[in-house]
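Participant: need coordinates for the following:
(one chain, ligands or ions: 1)
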Amino acid sequence: MVVQVREGLLTSGPVPHPRVLVATAVPAERDAVARALPSEGRLDALAVGVGPAAAAAGTATALARAAAAGRPYGLVVSAGIGGGFQPDAPVGSLVVADEITVADLGAETPDGFVPVTELGFGAVTHRPPRSLVRDVAAACGAATGTVLTVSTVTGTAERAAGLRLRHPRALAEAMEGFGVAEAAALHGLPVLEIRAVSNPVGPRDRAAWRIGEALAALSDAFGKSTPVLKGWNTHDRND
Ligand SMILES: O=C(O)c1cccc(C(=O)CC[C@H]2O[C@@H](n3cnc4c(=O)[nH]cnc43)[C@H](O)[C@@H]2O)c1
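Facilitator: Numbers count the residues shown, from 1 in each chain. Purely as a prediction, here's the structure:
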């Protein structure tokens, strides 16, 4: 396979059945994913840290190391628990992102929040391959919609309502997807995000978290989605 470095991007040609990196925030999520993966090793689960910056740095490092070792990844999946917008994404349910959007990268103005793209910089959304979103969601029974990446966990009804006003298609929020997606984009790779809902997005209520239930749902999702991930071809990334 030919790997090219062009304008700061690492790109590669189409690969049938590429290696897949599943990036979680913490070891508990990594272990929930790894329990469901086959032992033959084309899918790896790695805990890259909490928040978009740690996730971007950890993912980019893993992708660069794998490429340098001659075992490059062809697909990156951000996975873990997350908050679900109610009533669309109840606790224990699964969400596959058809858009991965960073919600708080921009500027506050007297007229409201302005995303960084409107300031003339960068990106705020990454779109996973549509066929992969469709097939993974069908395999594991997930809803599809926008998953927001935030640096601050939402803790009030006002903020939850504000996010939904700006992002009406948002089903879930978490803290890593956009960072993982930026790292994947830097390497010219497609990205997917899968979240198992551990808590409602809204007023802070630690008693309402169902982390065990969400980790079990995450494990189950990977058990059911592995055949799709293993069978996916990078040729299909624009489908
Ligand atoms: O202290 C709190 O009120 C609180 C509420 C929800 C989650 C946290 C975390 O520190 C977990 C961060 C960790 O888990 C993902 N996650 C889970 N639920 C959410 C959420 O509602 N909003 C954003 N992220 C969430 C996240 O991806 C991190 O990896 C604390």
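Participant: what's the mean pLDDT across the longest strand belonging to the chain?
Facilitator: Selection of the longest strand in the chain by residue count, based on DSSP state E, yields strand 73-84. Taken as a whole, strand 73-84 carries a mean pLDDT of 98.
Participant: ok, now stretch 158-169?
Facilitator: Per-residue scores along stretch 158-169 average to 98.
Participant: so what touches it?
Facilitator: Contact with stretch 158-169 is made by 85, 99, 101, 103, 113, 145-146, 148, 150, 154, 170, 173, 201-202, as judged by CB atoms under 8 Å, 6 or more residues apart in numbering. (Glycine included, C-beta is placed from N, CA and C.)
Participant: are any of these buried, and which?
Facilitator: Listed as buried from the contacts of stretch 158-169 are 85, 99, 101, 103, 145-146, 148, 150, 154, 170, 173, 201-202; burial here means 16 or more other CB atoms under 10 Å.
Participant: give me the subset of those residues touching the ligand.
Facilitator: Within the set of the buried ones among the contacts of stretch 158-169, contact with the ligand (CB under 6 Å from any ligand atom) is found for 150, 154, 173, 201.
Participant: near the ligand, anything from the longest helix seen in the chain?
Facilitator: Assignment by DSSP state H gives helix 211-231 as the longest helix of the chain. No: judged by CB under 6 Å from any ligand atom, helix 211-231 stays clear of the ligand, getting no closer than 8.0 Å.
Participant: just the C-alpha atoms of that helix, please, in CSV.
Facilitator: In CSV, the C-alpha atoms belonging to helix 211-231 read as follows (Å, rounded to 0.1, in the frame of the first residue of the first chain):
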residue,chain,number,x,y,z
ILE,A,211,-22.9,3.3,33.8
GLY,A,212,-23.0,-0.5,34.1
GLU,A,213,-26.1,-0.8,31.9
ALA,A,214,-24.4,1.5,29.3
LEU,A,215,-21.2,-0.5,29.3
ALA,A,216,-23.2,-3.7,28.8
ALA,A,217,-25.1,-2.1,25.9
LEU,A,218,-21.7,-1.0,24.4
SER,A,219,-20.4,-4.5,24.6
ASP,A,220,-23.5,-5.9,23.0
ALA,A,221,-23.3,-3.2,20.2
PHE,A,222,-19.8,-4.3,19.3
GLY,A,223,-20.7,-8.0,19.4
LYS,A,224,-23.4,-7.3,16.9
SER,A,225,-21.5,-4.7,14.8
THR,A,226,-18.2,-6.6,14.5
PRO,A,227,-19.2,-8.5,11.3
VAL,A,228,-20.1,-5.1,9.7
LEU,A,229,-16.9,-3.5,10.8
LYS,A,230,-14.8,-6.4,9.6
GLY,A,231,-16.6,-6.6,6.3
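Participant: show me what that helix is packed up against.
Facilitator: Under the contact definition 3 or more CB pairs under 8 Å, 6 or more residues apart in numbering; DSSP states H and E, helix 211-231 sits against strand 19-24, helix 27-36, strand 43-47, strand 73-84, strand 94-102, helix 130-140, strand 191-200.
Participant: need those in CSV (columns: distance to A62).
Facilitator: Formatted as CSV, the helices and strands packed on helix 211-231 follow (distance: least, CB to CB, whole Å):
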stretch, distance to A62
strand 19-24, 6
helix 27-36, 12
strand 43-47, 6
strand 73-84, 8
strand 94-102, 18
helix 130-140, 20
strand 191-200, 13
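Participant: closest one to A53 among these?
Facilitator: Closest approach to A53 among the helices and strands packed on helix 211-231 (CB to CB): strand 94-102, 11.5 Å.
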